[in-house]
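Novice: next input, structure requested:
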Amino acid sequence: MGERQRVEALAVAYEERLAEQREGRRERGAFYTPPHLVSWVLDRALGPGVSRVLDPACGTGHFLVAAARRLGARSVHGSDLDPEAVAIARARLLAEDPTLTPEEVAQQVRVADGLTAWDGELFDAVVGNPPFLGQLRRRTAGRSDARPAAYTDTSAVFLHRALDLVRPGGTVALVQPLSVLAARDAGPVRRAVAERGAVSDLWCSPRPVFAGTAVLTCVPVVRVGDPAGTDPDGWGRLAAPSFGVPPVELRAGDRVVGDLATCTADFRDQYYGLVPHVSDGGLVDSGAPLVTSGLIEPAACEWGSRSTRFARQRYDAPVVHLAGVRAGPLASWAAARLVPKLLVAGQGRVIEAVVDEQGAWLPSVPVVTVVPHDPGDLWRLLAVLLAPPLVADAAARYLGAVLTPGSVKLSARQLAALPLPADEDAWAEGAVLAERAQRHRDPAALAATARVMARAYGGGAEVTAWWLGRAGGGGQVP
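Specialist: This next block holds a predicted model:
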């Protein structure tokens, strides 16, 4: 066996051993990159003129060795906190280029925190697969100015740091969890990218590619110094085609949902505060149906016809006894919720919303409550939330914010920011159809609502078919 084969076998054996030590692997956030993804990254990062490449969390050196085979071993640099992994990476580079000395390769590949090891140095490209860890679980704190938010994943912190390590015109291409596309705590990283360059390409997969983890991943390719910039809130749109979300161009007016209604989310105080007041078995004179996310479908509430879970218990028809609630700290909360409103499920294949015209239901966390300033807008707001182009745009914009990409999860703030349609006539027609769909549980009227509201936003048959296919999962749409 030659030296190259020996050190390659050593790298494989080390990674297999690490894979068996599952807890240690999680603590490191170490999941090694498959060769096809290494090649994809280097194809886009190592263009003409590239002569100096860094992998700031190099592990056993997969990116380093692949880059060395393209550029030469003297062009690559790396760092990692794992001394054994670094030793293997050094040995692999020495096997690639016997003219290198151990002293030289020790300068190129260092046992160090990649967030701090390369101060004052610049590279043509920064590539790699940094560890996926919450900031509070990192083994070292790193630079305080390299940490955009306390809970930002470490991989996104490496992306942020890499912007300072490449020359103008250089490239950053680091593997990231899919959540970087939309997660709130990664927002400062996306904004930094928008200020410093643009995402020129994006790799993502709807299936896990790293053995031993269910985390979905992506690779944004950032061209530093690109004047085009990238919308920091629009990264999900780049990934949307990979998840079957059709592209849309919304034809919207100047107003948003928040101009017509107040959107509110409840929290643990309300959730746990209701627990002693909930029972099963039908309504009582002083009771209110408790509506969970699982009971909400597009223009339908399944309370009483479908069982649901609340506070780790199964209920056929959960009822909140209002006498006890009104005598306690949730009295004002209940009064504010027992008004005409819409309830929006916390997450769904589409935006799942239903009108509570009488103001008789109470929401369970994470249902969002939408209270119109004018109750006459109830059905108009429902029609908006059933509009296929609006749903597709939200699914793309916030892709990565949910465990099931392609599903839609909107906060109260995001719901309030949804734009209203420009076509008032189509909107009015859609509101009539939405009311008919809910009152009569009419699947044909629901499908007609989708078609009309697609027209209201300037969408076509493709996005309508996408919405109908996804909304049909609840049995409402044929």
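
Novice: and what about the most centrally placed residue in the chain, helix, strand or coil?
Specialist: Central residue of the chain (CA atoms, centre = their mean): residue 400, 1.7 Å from the mean position. Following DSSP: H, G, I helix; E, B strand; the rest coil, we place residue 400 in the coil state.

Novice: name all residues that make contact with it.
Specialist: Counting by CB atoms under 8 Å, 6 or more residues apart in numbering, residue 400 touches 177-183, 218, 235-236, 239. C-beta: built from backbone N, CA, C; applies to glycine.

Novice: need the helix or strand of this protein with the lowest average pLDDT.
Specialist: Lowest on mean pLDDT, DSSP states H and E among the helices and strands of the chain sits helix 22-28, with a mean of 48.

Novice: strands along the stretch 301-450 of the chain, start to end?
Specialist: 308-310, 313-315, 319-321, 341-344, 353-356, 362-363, 368-372, 419-421 (DSSP state E, counting those that start in this stretch).

Novice: typo on my end, the stretch 151-300 of the chain
Specialist: Taking DSSP E, counting those that start in this stretch, the strands of the stretch 151-300 of the chain run over residues 166-174, 176-177, 197-204, 217-224, 252-256, 261-265, 278-279, 287-291, 296-297, 300-301.

Novice: what residues of the fifth one count as buried?
Specialist: What it means is strand 252-256. 252, 256 (16 or more other CB atoms under 10 Å).

Novice: check what contacts that strand and list those residues.
Specialist: 416-422, 457.

Novice: got the domain boundaries for this protein?
Specialist: Following automatic domain parsing, the chain resolves into domains at 3-243, 252-474.

Novice: would you single out the least confident of these?
Specialist: Mean pLDDT is lowest for domain 3-243 among the domains of the chain, at a mean of 86.

Novice: just the terminal-to-terminal distance for that domain.
Specialist: Using CA to CA, to the nearest Å, the span of domain 3-243 from its first residue to its last is 43 Å.

Novice: how distant is that domain from the center of its chain?
Specialist: In terms of CA atoms, centre = their mean, to the nearest Å, the centre of domain 3-243 is found 20 Å from the chain centre.

Novice: do stretch 256-267 as well
Specialist: Chain-centre distance of stretch 256-267: 22 Å, with CA atoms, centre = their mean.

Novice: for the residue nearest to residue 460 when sequence neighbours are not counted, what are its contacts?
Specialist: Among residues not flanking residue 460 along the chain, residue 454 sits closest, at 6.9 Å (CB to CB, 6 or more residues apart in numbering). By CB under 8 Å, 6+ apart, residue 454 lies in contact with 387-389, 460, 463-464, 467.

Novice: which stretches of the stretch 1-150 of the chain form helices?
Specialist: Listed in chain order, the helices of the stretch 1-150 of the chain (DSSP state H, counting those that start in this stretch) span 3-20, 22-28, 35-45, 62-71, 83-96, 102-108.

Novice: any chance of the ones you listed in TSV, with distance to residue 213 and mean neighbour count too?
Specialist: Listed next are the helices of the stretch 1-150 of the chain as TSV, based on distance: least, CB to CB, whole Å; neighbours: other CB atoms under 10 Å:
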stretch	distance to residue 213	mean neighbour count
helix 3-20	11	15
helix 22-28	9	14
helix 35-45	14	17
helix 62-71	17	21
helix 83-96	18	21
helix 102-108	29	14
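
Novice: among those helices, which is nearest residue 334?
Specialist: When the helices of the stretch 1-150 of the chain are compared by CB to CB, helix 22-28 sits nearest residue 334, at 42.3 Å.

Novice: okay, how far is it across stretch 365-380, tip to tip?
Specialist: This stretch, stretch 365-380, spans 24 Å end to end (CA to CA).

Novice: report the buried residues of that stretch.
Specialist: Residues of stretch 365-380 classed as buried under the neighbour-count rule (16+ other CB under 10 Å) are 365-372, 377-380.

Novice: show me which of these is closest to residue 40.
Specialist: Using CB to CB, those come closest to residue 40 at residue 366, 36.4 Å.

Novice: measure the spatially closest residue to residue 49 that is not a sequence neighbour to residue 48 for me?
Specialist: Sequence neighbours aside, residue 124 is the residue nearest to residue 49 in space, at 6.9 Å (criterion: CB to CB, 6+ apart). Residue 124 sits 10 Å away from residue 48, going by CB to CB, to the nearest Å.
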